[in-house]
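Peer 1: kindly generate the corresponding structure for this input.
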Amino acid sequence: MLGKRDTSIYGAKTLAEIGQDLQNLGRELKVEVDCAQSNHEGTLIDAIQDATKSGVDGIVINPGAYGHTSIALRDALLDSGLPFVEVHLSNIHKREEFRHKTYLCDIASGVIVGFGPNSYALGLRALVNVLAH
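Peer 2: Next up is the predicted model:
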């Protein structure tokens, strides 16, 4: 729903546009970027588990509301052993109290919030830095 859903919070860029921006940034940073999206928790967990089997080095994830509710997503990320950066387009700390904490923040390499679509680019840059050290 990016680009349509409350653009005052999430911005006007579509997920496809953000994905293209990440592909371009990945080429600049000399890393391969694979973008995936699902509205289904199990599909996200499958993607994380598949990443561990396919040689992925790390994950940038915007868990959306699942970040506040999904222990299963947390377990999948823990089990993967992969470093990951959690990103949110909105500043979750300026929103409702229930959004202030996620089930992922304490196991993530880092968390980036509040920079709109640029949160993804910042997350990718951060992950590349984590992987380099």
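Peer 1: ranges for the strands of the protein?
Peer 2: Per DSSP state E, the chain has strands spanning 59-61, 84-88, 110-113. These are given in chain order.
Peer 1: which of those strands sits most buried?
Peer 2: strand 84-88 (a mean of 25; mean count of other C-beta atoms under 10 Å). In short, each C-beta sits where N, CA and C put it, glycine included.
Peer 1: who are the packing partners of that one?
Peer 2: For strand 84-88, the helices and strands in contact under the criterion 3 or more C-beta pairs under 8 Å, 6 or more residues apart in numbering; DSSP states H and E are strand 59-61, strand 110-113, helix 118-132.
Peer 1: could I get the CA-only coordinates of that strand as CSV?
Peer 2: What follows is the C-alpha trace of strand 84-88 in CSV, where atoms were taken according to Å, rounded to 0.1, in the frame of the first residue of the first chain:
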residue,chain,number,x,y,z
PHE,A,84,19.7,-7.7,10.1
VAL,A,85,18.7,-4.1,10.3
GLU,A,86,15.1,-3.3,11.2
VAL,A,87,13.7,-0.3,9.4
HIS,A,88,10.4,1.7,9.8
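Peer 1: stretch 47-58: how far from the chain's middle?
Peer 2: 14 Å (C-alpha atoms, centre = their mean, to the nearest Å).
Peer 1: pull the number of nearby residues for the closest residue to residue 48 other than its chain neighbours.
Peer 2: Take residue 48 and drop its neighbours on the chain: the residue closest to it by C-beta to C-beta, 6 or more residues apart in numbering is residue 76, 4.4 Å away. Applying other C-beta atoms under 10 Å, we find 20 other residues in the vicinity of residue 76.
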